[in-house]
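1. coordinates for the following, if possible.
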Amino acid sequence: MNFKDLLAYKKSFELAMRIFEVSKNFPKEETYSLTDQVRRSSRSI
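-> Next comes the predicted model:
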């Protein structure tokens, strides 16, 4: 068993992917500020 088998990992990965998809709809002027910050923080889960 490794970390990818853990339910917590699976749920956090799924959430990070959903956040990435939602952030695609952010305004273009936010691409390098809000969007980048949200995406990076979602990966730190």
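2. switch to C-alpha atoms for all contacts and neighbour counts from now on
-> Will do.
3. any idea how far residue 36 is from residue 2?
-> 29 Å (CA to CA, to the nearest Å).
4. which element is the spatially most central residue of the chain on?
-> The chain has residue 16 as the residue nearest its centroid, 2.8 Å off, counting by CA atoms, centre = their mean. Using DSSP states H and E, residue 16 sits in helix 7-23.
5. pLDDT averaged over that helix, what's the number?
-> For helix 7-23, mean pLDDT rounds to 91.
6. cool, stretch 36-45 as well?
-> Mean predicted lDDT for stretch 36-45 stands at 80.
7. in that stretch, what's buried?
-> 39, 42 (16 or more other CA atoms under 10 Å).
8. hey, C-alpha coordinates of that stretch in CSV?
-> This file holds the C-alpha atoms of stretch 36-45, laid out as CSV (Å, rounded to 0.1, in the frame of the first residue of the first chain):
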residue,chain,number,x,y,z
ASP,A,36,-2.2,30.9,-10.0
GLN,A,37,-2.6,31.3,-6.2
VAL,A,38,-5.7,29.1,-6.1
ARG,A,39,-4.2,26.4,-8.2
ARG,A,40,-0.9,26.3,-6.2
SER,A,41,-2.8,26.2,-2.9
SER,A,42,-5.0,23.4,-4.1
ARG,A,43,-1.9,21.3,-4.8
SER,A,44,-0.6,21.7,-1.3
ILE,A,45,-3.3,19.6,0.2
